[in-house]
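In: Using only what follows, build the 3D model:
(one chain, ligands or ions: 1)
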Amino acid sequence: MTAAQTVAAAVLESSASPCMTCSFQAEDVVALHMLLEMRTGIEVLFLDTVHHFEQTYAYRDKLAQAWGLRLVNLRAARPSPGLWQTSTDACCAKHKVEPLFSALESYDAWFTGLRREQSPSRANLVEVEPFTLPSGKVIRKISPLARWSMKEVWDYARANEIPLLPLYEIGYTSIGCEPCTSLPLDPSNPRSGRWHGQKLECGIHVQPAAVAESNKS
Ligand code: SF4
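Out: Numbers count the residues shown, from 1 in each chain. Presented below is the predicted three-dimensional model:
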C-alpha cells in the first residue's frame, strides 16, 4: 500500500459518512479511484457552477456511468450565470463556496485531490487536517495526494487505465470554469491560468474561520 493509500484507509476506517469533492481533473479522478478501491459508494460532490466546459460535463457523465458513481451535483439555489464578469469572488462564493459548505454538513470526512505542487497557495498542504464549517461543525479534510507530483498522478492514471479529461491534451494544466480558465501563464505554476492570474483559489479550500478573522482586521 502506498503512503497515500495508507492515509486514506486510516480515515475511511473511522468515517461513517465520507465524501469526496471532484472537479474531474486528473488528481481528483486518481484520488477517487484510489478511494473507491477501498470503499464503494462514497458520495462524489461536483460543484456545478453552470460555467464548466462542455468537455468537463461530458467527461463527468461518462465517468459517472462507467464507474457507477454516486454523483451529487451541487448548484446554487438560484444560479447567476455571468456573475464572474462583475465579481469572480461573488461568483465563486455563490456557485462554489456556499453550496459546498452547506453540503459538507452531512459528512464527517471530506476527501480532496489537492496537491502541494499545484500552486504556491497549496505549498503547505497536509494530508489530514480539521476543517471548521461556517456552522462551527468540524470535519476532517483529507488530501491523500498532497505530496504527489504530477508525474505520479499521470503514472497512476496510466497504470490503472483511467482516461483523463481531454482538455489536458490541448495544454491546460488546471481546469475549472470555462470563463476563468486559460492555458497557464507561468509554466512553473500549473494554476496560473486560473482567473487570468488574478487569484489562485476560489475559496472552498480556505477555512471559513480564517476568512472571518481576516475580515475583522
Ligand atoms: S471559477 Fe469563475 S465562473 Fe466559476 S464560480 Fe468562480 S468566478 Fe464563477
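
In: Next one: the nearest residue to Asn189 once chain neighbours are set aside from the ligand, what distance?
Out: Nearest non-adjacent residue to Asn189, counting by C-beta to C-beta, 6 or more residues apart in numbering: Ser119, 6.3 Å away. C-beta coordinates here come from the backbone N, C-alpha and C atoms, glycine included. To the ligand, Ser119 is 14 Å away according to C-beta to the nearest ligand atom, to the nearest Å.

In: just Glu117 next, same as before
Out: Counting by C-beta to the nearest ligand atom, the separation of Glu117 from the ligand is 21 Å.

In: which phi and psi does that residue have?
Out: Note on Glu117: backbone dihedrals following degrees, to the nearest 10 are phi -70, psi -10.

In: quick one: contacts for it?
Out: By C-beta atoms under 8 Å, 6 or more residues apart in numbering, Glu117 lies in contact with 148-150, 190.

In: Most neighbours among those residues, which one is it?
Out: Trp148 (24 neighbours; other C-beta atoms under 10 Å).

In: I'd like to know how far the residue nearest to that residue when sequence neighbours are not counted sits from Val50.
Out: Distances taken as C-beta to C-beta, 6+ apart place Arg115 nearest to Trp148, at 5.4 Å, with adjacent residues excluded. Separation of Arg115 from Val50 (C-beta to C-beta, to the nearest Å): 27 Å.

In: And these two? Which one has more around it.
Out: Neighbour count, other C-beta under 10 Å: between Arg115 and Val50, Arg115 has more, with 23 against 13.

In: what residues are up against that one?
Out: 27, 122, 125, 143, 145-150, 153.

In: Recalculate using a threshold of 7 Å.
Out: 27, 122, 145-146, 148 (C-beta atoms under 7 Å, 6 or more residues apart in numbering).

In: Just the ones of those residues in strands?
Out: Among the contacts of Arg115, no residue falls in strands (DSSP state E).

In: among the residues you listed, which two are most distant?
Out: Spatial extent of the contacts of Arg115 (C-beta to C-beta) is set by the pair Arg122 and Trp148 at 11.8 Å.

In: gap between the residue lying closest to Ala16 once chain neighbours are set aside and the ligand?
Out: Leaving aside its sequence neighbours, Ala16 sits nearest to Asp108 (C-beta to C-beta, 6+ apart; 5.9 Å). Applying C-beta to the nearest ligand atom, the value for Asp108 to the ligand is 26 Å.

In: what about Asp108, distance to Leu185?
Out: 38 Å.

In: Also Ala146?
Out: 24 Å.
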